[in-house]
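**Student:** Below: sequence and its predicted model.
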Amino acid sequence: MKKLNGLFYFVLVFAMLVVSACGGGDKPSASAGGEAPGAKDSKEAIKIGAVFSLTGPNSPLGVPEKQAVELLVKSINEKGGVGNRPIEVIIEDDKSDNTEAVKAMKKLVNKEKVVAVLGSSGSGPSLAMAEIASQEKISLISMAAADQITNPTRAGIFKTPHTDIHGTKRIFKYLQEKGITKVAILNDSNSYGSGWTTQLKKYAPEYGITLVAEEKYGTKDPSMSSQLTKIKATDAQALIVAGTNPGPATIVKEAKQLNFNIPIISSHGSANSKFIELAGDSAEGVLLVAGKLLVPDQIDQGDAQAIVIKTFADTYKAAYGDYPDGFAGYGYDGLNILVEALQATNSDQTKLAEALGKVKHVGVTGEFSFTAEDHNGLSEDSMIMVEVKNGDFVVVN
Amino acid sequence: MKVINKWGKGFFLYLFLVLIFPFLPIDEYYRSVAIIIGFHSIVTIGLCLLMGQAGQISLGQAAFFGLGAYTSAVVTAKYGLSPMIGLLIAMIIPAVFAYVLGRAIAGLQGYYLAMATLAFGFIVQIGITEWESVTGGANGMINIPQIAFFGESELRMYYLVWALVTCVLVFSLSLLHSRVGRAFRAIHKSEVAATSMGINVRSFKLSAFIISGIFAGLAGGLYAHFMGILDPQPFGLHESIKFLTMVVIGGMTSIWGALIGAVVINAISEILTVLREYIPFLHGDVDTIVFGGILVLIVMFMPEGLVPKSAAFLQSMKMKKKAARGEEDDQSMERKATT
């Protein structure tokens, strides 16, 4: 017994602390409960959660998304907020990690009591967050590529980026116009590239296209010349590359060294200024499929998106000194769509999922039109083909 | 039971803390953190048996973790088995892999063993990524059912996870004080000496591999059902090193050290997250730097790890006190208590 004395006292003191703390803890929680009905008070900010990959491998995606969202929050609040209430976006970093994304999501839902969540930048974290979102019946708008996020559709789960399906269809449409039927593909073996491979294979017959070579490379591979040599030996009339930089830039460089004379078409994952920077002169003449935001000054004035894109591109450049890339656009559209739904429901969280399902929004990524079967809401017509000319992207008509 | 008596105070304190934790007046969010600590603890306890006790390094523990996760995910999401059976299979498959791996590399020591386990880790991660028809490849799997442990809620998941941590802990502590534990330590000290003492070094090493594989597999299975989705990303070298760091920081020679190591690393990560709100400079990458720094400091100044070091410190304090107080010890204790 004597031996247990110390432990006994420790436990006793600890238990007392806990009891007193619990007693103290009950009060604020009770008052928080009491505040809930009063939340309609016009002054209180509407809390929105956001999870972006601000560090880790997905940070080139997450950082512009965060910047765009912060810019938009400022402008919304300057205009009086949503229904006379300012909005507050609480941003968490998932470190490009699935488990961290789950933790961030739980924190936003349980601790911050947000009405809806934006994010994340990567597909894995987004899928993990979507699981919690459906359990907790909270709405989620993702900025990640994977088709699985919104296919099959789940109540309250949406996403803003173009999918590989849009990209695939747009490229095939272009090839059809040019009368090209034999195509080789060289894709990254990560989730982005393999998603593309699946869709390219799936839609090729529909457009009368045969895939004569199917190669892949590892995200960190320093050279892809062996795959390119194999492809060169086939009778392919064009090469499609799907990956995120630096992979496609390396491929383009090596293709030039190997005297490739067929057109190379790279996916929207590589459509940014970094690509030209990395590939240098070799980028000349390379075709890319991309969102219109890539060329804010070259959009047809008759296009409904023209003014939206121009405004966003100019404010973003004024704030951060650089034109926004596609990722910034995904974040921008995500918050805009959410705000539209919040306005429609007077910020009632329970009706949000339904309201989001009806949103029609002209965004910088494309014209969103959500339906019961489509929680991405975009069509391939919102993508364009661009060519690199004199170190710049030029729209191909 | 002998073990529990021996570890009396500490063990009851542990049980008390585990039971009471969800009712502490803190954010519900920390319940999720505690669940994740539970997964890590199960893996690190296994790794501690393998590394600290049997002296076999493993740089591929995340591979067993991944094997367990994917096994349970596939049998429940694709073949509709109950998650409890999924967990059971999640322990068997990594055990089989650990057996094969152990058989193949049991003769290796030191650097060679480290390299072999490192390679194993890569093979498993690449294997998971490439076996698309079953694992969903780099895109991963979704719709993995939750575990129904008297219902599906986070609180129940918490108790399930920590009940399993406790089982693993008791099993490992008992093992440590048995013939097997002594054999492990003998192998650690010197394989040659152990052999000459009549210990079947090969089979004991193999059993250490299998046990650590089973634990990691169990933790992986739990992780899969907790997350609801899986992709191959969390099962690489980075995670293996993180497990290793936890064990080393806590103290390789102590099972409790493995547990404390998992708690400490996760706690630091949480503290940094809270600090980040005030010091924006501390963005997400800082975690890794801090872990690295702590690891270096531990290896330099207390290579035995936090738990053995503080245990030794407490012991020496007690001795000093006893010496000072002499025989009046009990009386003074009582007097203190009354005041």
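**Tutor:** In hand now; what should we look at?

**Student:** now stretch A:218-230: mean pLDDT?
**Tutor:** Stretch A:218-230 shows a mean pLDDT of 90.

**Student:** Mind listing what's buried along it?
**Tutor:** Neighbour counts over stretch A:218-230 (16 or more other C-beta atoms under 10 Å in any protein chain shown) mark A:Met224, A:Gln227, A:Leu228 as buried. C-beta coordinates here come from the backbone N, C-alpha and C atoms, glycine included.

**Student:** With stretch B:101-117 instead?
**Tutor:** Within stretch B:101-117, the residues scored as buried using 16+ other C-beta under 10 Å are B:Leu101, B:Gly102, B:Ile105, B:Ala106, B:Leu108, B:Leu113, B:Ala114, B:Ala116, B:Thr117.

**Student:** Narrow those residues to those in helices?
**Tutor:** Judged by DSSP state H, the buried residues of stretch B:101-117 include B:Leu101, B:Gly102, B:Ile105, B:Leu113, B:Ala114, B:Ala116, B:Thr117 as members of helices.

**Student:** okay, who's weakest in those residues by pLDDT?
**Tutor:** B:Ile105 (83).

**Student:** Show me where the chain dips below the pLDDT cut-off.
**Tutor:** No chain in the question, so chain A it is. Residue ranges of chain A with pLDDT under 70: A:1-42.

**Student:** right idea, wrong chain: chain B
**Tutor:** If you take pLDDT under 70 as the line, chain B has these spans: B:1-7, B:149-152, B:284, B:326-339.

**Student:** Show me which residues of it sit near chain A.
**Tutor:** B:8-9, B:12-13, B:16, B:20, B:23-25, B:27-29, B:32-33, B:36, B:129, B:132, B:137-140, B:142, B:223, B:226-229, B:231, B:233-234, B:276, B:283-285, B:287, B:330, B:333, B:337 (C-beta under 8 Å from any C-beta of the partner chain).

**Student:** show me the contacts for B:Phe65.
**Tutor:** B:Val43, B:Ala216, B:Gly217, B:Ala219, B:Gly220, B:Tyr223, B:Phe235, B:Glu239, B:Phe243 (C-beta atoms under 8 Å, 6 or more residues apart in numbering or on different chains).

**Student:** can you do 10 Å?
**Tutor:** B:39-40, B:42-43, B:46, B:90, B:94, B:121, B:124, B:213, B:215-221, B:223-224, B:234-235, B:239-240, B:243 (C-beta atoms under 10 Å, 6 or more residues apart in numbering or on different chains).

**Student:** now A:Ala130
**Tutor:** Shown in contact with A:Ala130 (C-beta under 10 Å, 6+ apart): A:105, A:117, A:120, A:140, A:142, A:144, A:146, A:148-150, A:154, A:156-159, B:142, B:228-229.

**Student:** same question, A:Asn346
**Tutor:** A:Lys40, A:Val82, A:Gly83, A:Arg85, A:Ala355.

**Student:** Please apply the same query to A:Asp314.
**Tutor:** Applying C-beta under 10 Å, 6+ apart, the residues near A:Asp314 are A:Pro296, A:Tyr323, A:Pro324.

**Student:** Can you tell me the element it falls in?
**Tutor:** Assigned by DSSP states H and E, A:Asp314 belongs to helix A:305-320.

**Student:** Please identify the buried residues of that helix?
**Tutor:** Buried residues in helix A:305-320, counted by 16+ other C-beta under 10 Å: A:Gln305, A:Ala306, A:Val308, A:Ile309, A:Phe312, A:Ala313, A:Thr315, A:Tyr316.

**Student:** likewise stretch B:293-302?
**Tutor:** Buried residues in stretch B:293-302, defined by neighbour count with 16+ other C-beta under 10 Å: B:Ile294, B:Leu295, B:Ile298, B:Met302.

**Student:** gap between that stretch and the chain center?
**Tutor:** 20 Å (C-alpha atoms, centre = their mean, to the nearest Å).

**Student:** I would like the residues contacting it, please.
**Tutor:** B:241, B:244-246, B:248-251, B:261, B:264-265, B:268, B:304-306, B:308-310, B:312-313.

**Student:** Please enumerate the helices of the stretch 151-300 of chain A.
**Tutor:** For the stretch 151-300 of chain A, applying DSSP state H, counting those that start in this stretch gives helices covering A:164-178, A:191-203, A:225-232, A:247-257, A:273-279.

**Student:** got it, and the stretch 51-200 of chain B?
**Tutor:** Under the criterion DSSP H, counting those that start in this stretch, the stretch 51-200 of chain B carries helices at the ranges B:61-73, B:83-105, B:110-130, B:132-135, B:154-176, B:179-189, B:191-196.

**Student:** so what does the last one touch, helix or strand wise?
**Tutor:** Helices and strands in packing contact with helix B:191-196 are listed as helix B:179-189, helix B:201-227; criterion 3 or more C-beta pairs under 10 Å, 6 or more residues apart in numbering or on different chains; DSSP states H and E.

**Student:** which residues touch residue 267?
**Tutor:** With no chain named, the answer covers chain A. If you count contacts by C-beta under 10 Å, 6+ apart, then A:Ser267 has A:145, A:162, A:164, A:167-168, A:171, A:187-188, A:192-193, A:195-196, A:200, A:240-244, A:248, A:288-290 around it.

**Student:** nope, chain B please
**Tutor:** Residues near B:Ala267 by C-beta under 10 Å, 6+ apart: B:Val33, B:Ile37, B:Ile260.

**Student:** returning to what we had before: now list the buried members of the residues of chain B next to chain A.
**Tutor:** Buried among these by 16+ other C-beta under 10 Å: B:29, B:32-33, B:36, B:129, B:137-140, B:142, B:223, B:226-229, B:231, B:233-234, B:276, B:284, B:287.

**Student:** follow-up on the earlier one: just the ones of the buried residues of stretch B:293-302 in helices?
**Tutor:** B:Ile294, B:Leu295, B:Ile298.

**Student:** how much space between the last one and A:Met383?
**Tutor:** Think B:Ile298. Noted for B:Ile298: a distance of 52 Å to A:Met383, by C-beta to C-beta, to the nearest Å.

**Student:** before we move on, what about the second one?
**Tutor:** The spacing between B:Leu295 and A:Met383, counted by C-beta to C-beta, is 47 Å.

**Student:** what's the answer for the first one, then?
**Tutor:** The gap separating B:Ile294 from A:Met383 is 48 Å, by C-beta to C-beta.

**Student:** again, but for A:Phe393
**Tutor:** From A:Phe393 across to A:Met383, the span is 13 Å (C-beta to C-beta).

**Student:** B:Gln146 now?
**Tutor:** From B:Gln146 to A:Met383 the distance is 38 Å (C-beta to C-beta).

**Student:** Neighbour count for the two, which is higher?
**Tutor:** More neighbours surround A:Met383 than the other of B:Gln146 and A:Met383, with 25 against 19 (other C-beta atoms under 10 Å in any protein chain shown).

**Student:** Now the more buried one, what are its backbone angles?
**Tutor:** phi -100, psi 150 (degrees, to the nearest 10).
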